[in-house]
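# Okay, sequence plus prediction incoming.
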Amino acid sequence: MDTQQEKEEIFKKHLKAYEKRLVAFIDLQGFKDEIIKNHSSYSIGVVFSIFEYLRKLIKNDEWDLKVTIISDSIVISAKLQTYDDFLYFFYVCSAFAVPKIDDSFVAVRGGIAYGDLHHEDQIVFGPALVDAYDISEGKRKSDLLRIRMSKDTFDFLSNFCESKGILKAIVFPENNNKDFYFFNSWLYYFALKIISADSSDALLRDKCIKNVIGDLYRYYLWCNDNLKKYNDNIKLYNKYYYLLIDIIYSAQTIEKIYKSLVPAESVSILDKILSCLKKSKGDKKL
């Protein structure tokens, strides 16, 4: 391909009208103050290598879903046409929502919006991205470590296809005003493991579920360590306090679902989480 032809192909890709797309902006928290200062370039490189590997897997599949990595942020978008598009979008969000570096997790915050967007290759722009960024990092941001959406986006998704039932199981109002909602990636991750596991193979299903519970327990320990670490920093303490509340709710919900699937089975790891939580002081420092 000659230079002129290549130029024309590039222009053809990007000179077109916006599409209506669902978009998530996910930002790694503490990248400058915590990650860069406390981890080697190799360790950080492992995280972004995993991100890039996931991005290429997604790029090569049959779904109309796109991922762009911008420094310490990830942009995910999908053109919602079917119920499966909805499910796959939140599956990919879950994959990027709980990153790990060395033996520790990385906190994330994000925003989800629906609207006009251009997303081709590594170029992404449009009002929907501005909206998602604003909810995550702009004027409408929250100090909470959550992936959030506005009421308008929630209402759109509620009316989309068959999504209303599962949406209420994974997306929750942030306050009584219900002006913002947040996505619980752990509950979605858990639900997918149950759905994808072969129902005829009880041992395999049990193993899949316990893997999720084990990951959640390690996430709980990481969150609890941060509560101790930031005990004298009210702002950071509160971030992890409310994240711990979300973990408690996730654990309790998973316990109910799991015990309804396997009533005779005791969930030792989950019981350990709940036992720890009952003993936790966890006083808010507002």
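Structure's in. What do you need? It should be emphasised that the depicted structure is a prediction, and the values quoted were computed from it without experimental measurement.
# When you work out contacts or count neighbours from here on, use the C-alpha atoms and nothing else.
OK.
# Please list all residues in contact with the residue positioned nearest the centre of the chain.
Computing the C-alpha centroid of the chain and ranking residues by Cα atoms, centre = their mean puts Ala97 first, at 3.2 Å. Neighbouring residues of Ala97 by Cα atoms under 8 Å, 6 or more residues apart in numbering: Ile26, Val108, Ser185.
# Measure how far stretch 146-153 is from the centre of its chain, please.
12 Å (Cα atoms, centre = their mean, to the nearest Å).
# Give me the secondary structure label for Val75.
Here Val75 is recorded as strand under DSSP: H, G, I helix; E, B strand; the rest coil.
# Wait, it touches Arg21, no?
No: using Cα atoms under 8 Å, Val75 is not in contact with Arg21; the gap is 11.9 Å.
# Among these two, which residue is more densely surrounded?
Taking other Cα atoms under 10 Å, Val75 and Arg21 do not tie; Val75 has more neighbours (25 against 22).
# Which pLDDT value goes with that one?
With respect to pLDDT, Val75 scores 95.
# Return the residues in contact with it.
Contact partners of Val75, counting by Cα under 8 Å, 6+ apart, are Val23, Ala24, Phe25, Ile26, Val67, Thr68, Ile69.
# Check which helix or strand the first one maps to.
Going back to what we said before, that points to Val23. Here Val23 is covered by strand 19-28, with elements defined by DSSP states H and E.
# Could you do the fifth one as well?
When secondary structure is defined using DSSP H and E, the element that contains Val67 is strand 65-70.
# Partner strands of that strand, with direction?
strand 73-78 (antiparallel) (DSSP bridges).
# where in this protein is pLDDT low?
Across the chain, the ranges flagged by pLDDT under 70 are 1-2, 8, 10, 12, 14, 60-61, 162-164, 193-202, 204-205, 259-286.
# can you give me the strands for it?
With strands called from DSSP state E, the chain shows them at 19-28, 65-70, 73-78, 100-101, 104-105, 108-120, 123-125, 147-150, 171-173, 180-183.
# now the second one against strand 19-28, angle please.
When you say that, I think you mean strand 65-70. Relative orientation of strand 65-70 versus strand 19-28 (axes from the mean of the first three to the mean of the last three Cα atoms, to 10 degrees): 40 degrees.
# Which one of the contacts of Val75 is nearest to Ser43?
Nearest to Ser43 among the contacts of Val75: Ile69, at 17.4 Å, using Cα to Cα.
# Provide a list of residues in contact with the closest one.
Neighbour list for Ile69: Phe51, Glu52, Val75, Gln122 [criterion: Cα under 8 Å, 6+ apart].
# so it bridges to which residues?
Bridge pairing for Ile69 - DSSP bridges - gives Ile74.
# if we can go back for a sec, the strands of the chain into JSON lines, with extra columns for distance to Leu87?
Below are those laid out as JSON lines (distance: least, Cα to Cα, whole Å):
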{"stretch": "strand 19-28", "distance to Leu87": "12"}
{"stretch": "strand 65-70", "distance to Leu87": "11"}
{"stretch": "strand 73-78", "distance to Leu87": "10"}
{"stretch": "strand 100-101", "distance to Leu87": "23"}
{"stretch": "strand 104-105", "distance to Leu87": "24"}
{"stretch": "strand 108-120", "distance to Leu87": "14"}
{"stretch": "strand 123-125", "distance to Leu87": "22"}
{"stretch": "strand 147-150", "distance to Leu87": "16"}
{"stretch": "strand 171-173", "distance to Leu87": "13"}
{"stretch": "strand 180-183", "distance to Leu87": "13"}
